[in-house]
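**Student:** coords please:
(3 chains)
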Amino acid sequence: MTPFRSPNDTPLVRVRDLSVRFAGTPPVHAVNSVSFDLAPGEVLGILGESGSGKSVTLKTLLRLLPERKTRITGQVEVDGQDVLALQGRALADHRGGVASMIFQDPSLALDPVYTIGQQIAETVIRHDGLSKSDAMARALEMLEIVRIPSAKRRLANYPHEMSGGMRQRAMIALALACRPKLLLADEPTTALDATVQIQILLLLRDLQKELGMGVIFVTHDIGVAVEVSDRLAVMYAGSFVETGSVKDVIRDARHPYSKGLLAANLVGAAPGTRLDAVPGAPPPLNALPEGCSFAPRCAHAETACSMSPLPIWNGGNGRWARCVQASCLGALADAESTS
Amino acid sequence: MAVTADAVARLAAIEKSQGYWRSVWTRFLRDKVAVCAGCVAAGLVLMAIFAPWIAPADPLDGSMIKRLSPIGTEGYPLGADELGRDMLSRLIYGARLSLFMGVVPVLIAFAIGAAIGIAAGYLGGWVNTITMRVLDVLYAFPSVLLAIAISGALGAGILNGLLSLTVVFIPPIARVAESVTTSVRKLEYIEAAQASGASSLRIVRDHVLGNVLGPIFVYATSLISVSMILAAGLSFLGLGVSPPNAEWGLMLNTLRNAIYVQPWLAALPGVMIFLTSISFNMLSDGLRSAMDVKQ
Amino acid sequence: MSTPILSAHNLVKHFKAGGFGAARKFVRAVNDVSFELASGETLGVVGESGCGKSTMARLLVQLLTPDSGEVHYQGKVVGRELPLKAFRSKVQMVFQDSFASLNPRMTMIDAVAFGPTVHGMSRSDATRKAQDLLDRVGLDPSRFGGRYAHELSGGQRQRVNIARALAFDPQVIVLDEAVSALDKSVEAQVLNLLMDLRRERGLTYVFISHDLNVVRHISDRVMVMYLGEVAEIGPVESLYSAPCHPYTQALLAAMPSLDPDRRTMEAPLAGDPPNPIDPPQGCRFHTRCSRVFAPCSAQAPAQHKVGKTHFAACHLNSAKEHVA
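**Tutor:** Model prediction:
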């Protein structure tokens, strides 16, 4: 049985062997055979550094990548629909109707020349065919759902009249206006101050429970991922290197890169001591090494690491790691913790 | 640790850097349009320099019976003008004065305008405010009117035309220089240089000039075509270059009476002006994108 | 107590923000900030956007002139008793944007060598020094020395910026969000480098960051800023374990937990940080504070001593002070 299968039989999102190439000489291998399932109502956190392909993966689910310069292979199904085959009207219904997205920078999603109310109303008129007054009522309801104070007055505000945290809430209201089954979040809290970030994270967590959406949350911040996710996927150089429940990945990381990220986030580091930093930098995506892309930086690298395809360690229940030594690395950690 | 940071960096490293101007040149060569424009511009310059050797006839030597001969006449491949002078030779010789009037005012204005703009941009504050407001007053006049007014006041002649065009181009160049310098001045590497204790002159010399002269120069090259057209306009009005010198604007003027008799012939100087200005413009566009250092 | 190596005395900096005459508005970026730095220690500075930490850094290295207040280096008033140029070689700065802080037209060797030549070192000596420093920060000079900023990665560029600061043989380095733009694994490498350099050269750091985890790891003392003022300053352990200012408590409670079993259940503060133009009267935090009481809106709190070297600007601590 493939380790990517979710325990749920009818996943909301089913991605198999997804690869994304951008034109260039040599072509950029942005995403490399990524496979995963997302159950309805589940939150998957994708954790990775800049250039790891996490945002590209997310954009593929909405088909937001420039068509002419991109080659997508593999299977992507959302709610039973083949996303890669969608065209025209069906694609427009998919975007915003079945799945919608929130961004790091609200100015990508909000139009500066319309009020918040107009923008939300326009979206529901187009997708759900509501009348104008019903749409405005829905817009008001959405602003209340995202807990914008004095929502009625805020309907008539333009994006620039709102503070950063308010704009982020308005963007969430816009994204959720048509009750999508899948919410894609691309670092929505990265640009925010700490005290605002936690408000937005808690809001997203509450809304996800209330509305029962599936959420894919992309971030570079482990702390943020832990706050919102049920499952975690660690991405490196365009590949998923490890997935599992948040607890399993945080407490018993099997891939050396995941371990390195945890160390870099100062998990359990004594103040003032040298950090167990991963040396070097990720390989360029247009010249990936054979086999494991992390091997050149890995302290445990051996000859088997250049095997292609790499063996996958399967821990059951959707827990796996793409590393030759995943099983013994886990055992090593156990031995260290008991001794 | 088995692999150290710099060991990996060494593995991933590429060959030694090729230097800024080399990389600009490589990028420029990749831009086909700009390379073509550059070739045309270079050809025009060579034509101007070697005019006496290229031109088949004396540009001032007319023949009354050959007046307004059409293009393709025996001995007159591009026809003859209203005084029966060989058109081809006059067009070739005309490149000398036309290019001169296009390039020289811009070069002088570049030197003066860049100095003013960089000083105003780097010093900022009230120096900037006063300088830029004074330039704004000059800039408020339409450039054609300003050139005509100055030339008119000084009288006809090449030198006076040159002077008036220079004055016209100082404000726009200074403005661009000021805005480029102001944006560079706010960058952290200038702050870092200030934190090193270097004097303002030294910071301008070592950190500002190299980063602003390129963009200002590119902007100035785009003015060459404007300058040529303005110079032609001045000559057309009887200011600037005076007959019987060969200059494209002047030729356009003297041939305008023939426009119903020999329209193709009368259009030839205009074609040369068009060709020159468009090739210089495309060249400057190409330079601009080639000099754009990406992160 | 020995003379502090660097100290700020009542620094004030306001920026004009539009309006004319009486209606003229000011951004009160830094308002009466004082602190001392002991030689060899690292002071972490934390706060949200608009709290004035970057302005404070630029005042400290004299890139900005304060409206009032002084910076002292080893007890001497900078600019009056100590010439600015001499001060420059003692106190250096590393900026957040690694790309913008390198001249795009200079090779890395020249960028590092520039400082020493300003201070009278010969070109060849400066180049040799730059090579040594690039090597020290982990960049092979023969490979990276001739490159330009756009040919390096973010982490490599920030190493060059550190080498450039080191080229002055400074005593103090002000790091303004110097690792914030880097990816986590690269950030850890640069933090290691900074800690190694601190030990080798006995450097004093002012480490400005919004990342409380990183500040906790690298700092000896921490200063919390809110809307241009110091809310709390104290030793790292006591400030993190027993914060005395409600704002510090909120900042710490807002940190994502990193423990899946103990997720954050409640946001400590509502709303965004207020605009530093026209900040609230009295205690600047009272509009967001959950423990606000009578004096807060009327009177700005003084720095109350809550531990041996631990101070908090909050009225709640005025009683505690007498006990301590």
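
**Student:** Can you point out the buried residues in the helix or strand in which A:Lys209 is found?
**Tutor:** Mapping A:Lys209 onto the secondary structure by DSSP states H and E places it in helix A:194-211. Residues of helix A:194-211 classed as buried by neighbour count (16 or more other Cβ atoms under 10 Å in any protein chain shown): A:194-205, A:207-208. Just so you know, the C-beta spots here come from the backbone N, C-alpha and C atoms, and that holds for glycine as well.

**Student:** middle-most residue in the chain, spatially?
**Tutor:** You didn't say which chain, so I picked chain A. Among the residues of chain A, the one closest to the centroid is A:Val218, at 2.8 Å (Cα atoms, centre = their mean).

**Student:** my bad, the chain I had in mind was chain B
**Tutor:** Against the mean C-alpha coordinate of chain B, by Cα atoms, centre = their mean, the closest residue is B:Ile224 at 2.3 Å.

**Student:** My read is that C:Pro235 contacts C:His310, right?
**Tutor:** Yes - if you go by Cβ atoms under 8 Å, C:Pro235 and C:His310 touch, sitting 6.3 Å apart.

**Student:** So these two - more neighbours on which side?
**Tutor:** More crowded of C:Pro235 and C:His310, by other Cβ atoms under 10 Å in any protein chain shown: C:His310, with 21 against 16.

**Student:** That one pairs with what?
**Tutor:** Legend: beta-bridge partners of C:His310 under DSSP bridges are C:Gly307.

**Student:** Relative to C:His304, how far out is it?
**Tutor:** 10 Å (Cβ to Cβ, to the nearest Å).

**Student:** What is the neighbour count of A:Lys290?
**Tutor:** Just so we're on the same page, residue A:290 is Glu rather than Lys. 11.

**Student:** Report the separation between the residue of chain C at minimum distance from chain A and A:Thr189.
**Tutor:** Here the residue of chain C nearest chain A is C:Pro256; by Cβ to the nearest Cβ that distance is 2.9 Å. In this view, C:Pro256 and A:Thr189 are 9 Å apart by Cβ to Cβ.

**Student:** More neighbours: which of those two?
**Tutor:** A:Thr189 (26 against 23).

**Student:** which element is that one on?
**Tutor:** A:Thr189 belongs to no helix or strand, assigned by DSSP H and E.

**Student:** List the residues that contact whatever residue of the stretch 101-250 of chain A ends up closest to chain C.
**Tutor:** Chain C sits closest to A:Gly223 of the stretch 101-250 of chain A, with a gap of 2.9 Å, by Cβ to the nearest Cβ. Under the criterion of Cβ atoms under 8 Å, 6 or more residues apart in numbering or on different chains, the contact list for A:Gly223 reads A:265, C:213, C:255-258.

**Student:** Excluding chain neighbours, what is closest to B:Gly238?
**Tutor:** B:Ala156 (6.5 Å; Cβ to Cβ, 6 or more residues apart in numbering or on different chains).

**Student:** before we move on, what SS does that neighbour have?
**Tutor:** coil (DSSP: H, G, I helix; E, B strand; the rest coil).

**Student:** dump the residue contacts of it.
**Tutor:** B:238-240, B:242.

**Student:** Look through the stretch 201-324 of chain C and state the residue closest to chain B.
**Tutor:** Using Cβ to the nearest Cβ, the closest approach of the stretch 201-324 of chain C to chain B is made by C:Val206 at 13.5 Å.

**Student:** Am I right that that residue sits in a helix?
**Tutor:** No - assessed by three-state DSSP, C:Val206 does not belong to a helix; its assignment is strand.

**Student:** can you pull the buried residues of the host helix or strand of B:Val218?
**Tutor:** Assigned by DSSP H and E, B:Val218 falls within helix B:209-236. For helix B:209-236, burial by neighbour count (16+ other Cβ under 10 Å) applies to B:209, B:211-236.

**Student:** any idea of the mean pLDDT for stretch B:85-99?
**Tutor:** Averaged across stretch B:85-99, the pLDDT comes to 83.

**Student:** swap in stretch C:229-237?
**Tutor:** 94.

**Student:** now check it, is it near chain A?
**Tutor:** Yes - using Cβ under 8 Å from any Cβ of the partner chain, stretch C:229-237 reaches chain A at C:Val236.

**Student:** Much appreciated, bye for now.
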